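Colleague: Based on what follows, work out the 3D shape:
(3 chains)
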Amino acid sequence: MQTSSFYQNVYDVVKLIPFGRATSYGAIAAYLGSKGSARMVGYAMNNSIKTEAGIPAHRVVNRNGLLTGKFHFGIGDEMKNRLENEGLVIIDNQIQNFNAVFWNPATELAL
DNA sequence: GAGGTGACTGCGA
DNA sequence: CTCGCAGCCACCT
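Modeller: As a prediction, this is how the structure comes out:
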């Protein structure tokens, strides 16, 4: 914990996202107990790419399943490419059938 | 120490 | 249905 490791919490949850799944910022934020801090989750991702660089941030999208962070993830369609590589269908930067691949930490981890 | 920003979300017109 | 506004909280300058 030590000094607001809000990011670390996000990293941990994102790392736990199984292959071929995706989750939303709000879901992670809610799992952390700060539903209104969905922005912080995305902020953590931005930092994770630079510092952790091992976080499957491409599995984290907005509530609509839209790849909002595609441009922040890196260069080109890296994010989209990885999602497709996991068997997901991405059209117009949006995950199709997102409901089927949606991974809710508050439900999957709160067993 | 204070101000501004942001990979979001939900509600209202 | 589509567009716009306000709330939220931690990090950065």
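Colleague: Run through the residues that contact the nearest residue to residue A:98 once chain neighbours are set aside.
Modeller: Nearest non-adjacent residue to residue A:98, counting by Cβ to Cβ, 6 or more residues apart in numbering: residue A:65, 3.1 Å away. Quick note: C-beta positions are derived from backbone N, CA and C, even for glycine. By Cβ atoms under 8 Å, 6 or more residues apart in numbering, residue A:65 lies in contact with A:22, A:24, A:94, A:95, A:96, A:98, A:102.
Colleague: list the contacts for the closest residue to residue A:57 other than its chain neighbours?
Modeller: Nearest non-adjacent residue to residue A:57, counting by Cβ to Cβ, 6+ apart: residue A:45, 4.6 Å away. Taking Cβ under 8 Å, 6+ apart, we find residue A:45 in contact with A:10, A:14, A:55, A:57, A:60, A:69, A:72.
Colleague: show me the contacts for the first one.
Modeller: With contact set as Cβ under 8 Å, 6+ apart, residue A:10 has these partners: A:28, A:32, A:40, A:41, A:44, A:45, A:48.
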